[in-house]
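Student: give me a 3D structure for the following:
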Amino acid sequence: MSPQGEPQTEPAAQVERDFEAYKILLDLWSQENPIKTTKLQVLLVVNGLLVSAINISGEGFTEDKWFMYLAGVIFNMIWTFSIGRTALFQEAWQRKLQVFRDRYPDDPRFSILDTAQYRAQASWILRTFGWISSRWYLLFSPFIFAIIWLIIFLCSRGAGTGY
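Tutor: Numbering: from 1, shown residues only. Below is the predicted model of the structure:
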């Protein structure tokens with residue numbers, strides 16, 4: 001039945017079923033944003049704690065702390081894969097949402113993610129700082145940290161051999 005109490009035709013019923021599926025996908029997609037943010041915050045805290053723990057001795061980055069450097073590599077690679085998986089599912093859900101958008105181009109309920117026109121109206125400072133998708137810095141931050149920790153690890157191992 002339609003909201004007016006009239007029986008729905010099959011195409012109208014299909015549109016409503018698709019809209020319900022669209023809302024579920026939109027909810028799944030949007031729930032990933034705070035998860036990615038939390039993962040990034042924990043990543044930054046753990047890296048900060050590792051650096052603090054290394055410097056607490058007053059000796060700085062020395063060869064005998066190799067296990068801390070290796071832990072940094074491992075933790076950050078795990079974060080890279082974890083955030084990557086979160087971003088992958090968010091991308092998949094966004095593509096499924098686009099299928100509905102393409103199916104119903106004249107129904108504004110299916111175009112909630114079409115924001116290009118409105119982003120273009122934002123102030124230049126927001127457009128400047130907001131043009132990079134969060135998925136890129138979320139993916140590359142832990143990967144870059146892992147590379148830095150790996151370089152520190154390799155340099156610390158070579159320090160005792162005269163290199």
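Student: C-alpha only now, for contacts and for neighbours.
Tutor: Fine.
Student: grab the nearest non-local neighbour of residue 109.
Tutor: residue 19 (7.6 Å; CA to CA, 6 or more residues apart in numbering).
Student: was I right about the one you found contacting residue 110?
Tutor: Yes. With contact defined as CA atoms under 8 Å, residue 19 counts as touching residue 110 (7.2 Å).
Student: which one's more surrounded, those two?
Tutor: More neighbours surround residue 110 than the other of residue 19 and residue 110, with 22 against 18 (other CA atoms under 10 Å).
Student: can you tell me which residues contact the more buried one?
Tutor: Residues near residue 110 by CA atoms under 8 Å, 6 or more residues apart in numbering: 19, 22, 97, 100, 101, 104.
Student: quick revisit: list the helices and strands whichever strand or helix holds the residue nearest to residue 109 packs on?
Tutor: For residue 19, the enclosing helix or strand under DSSP states H and E is helix 10-55. Applying 3 or more CA pairs under 8 Å, 6 or more residues apart in numbering; DSSP states H and E, one finds that helix 10-55 contacts helix 66-103, helix 134-159.
Student: next, the angle helix 134-159 makes with it.
Tutor: Interaxial angle of helix 10-55 relative to helix 134-159 (axes from the mean of the first three to the mean of the last three CA atoms, to 10 degrees): 30 degrees.
Student: buried residues, stretch 68-78. List them.
Tutor: Buried residues in stretch 68-78, counted by 16 or more other CA atoms under 10 Å: 68, 69, 70, 71, 72, 73, 75, 76, 77.
Student: ok, now how distant is the nearest residue to residue 84 once chain neighbours are set aside from residue 45?
Tutor: Using CA to CA, 6+ apart and skipping residues adjacent in sequence, the residue nearest residue 84 is residue 139, 6.0 Å away. Residue 139 sits at a distance of 16 Å from residue 45 (criterion: CA to CA, to the nearest Å).
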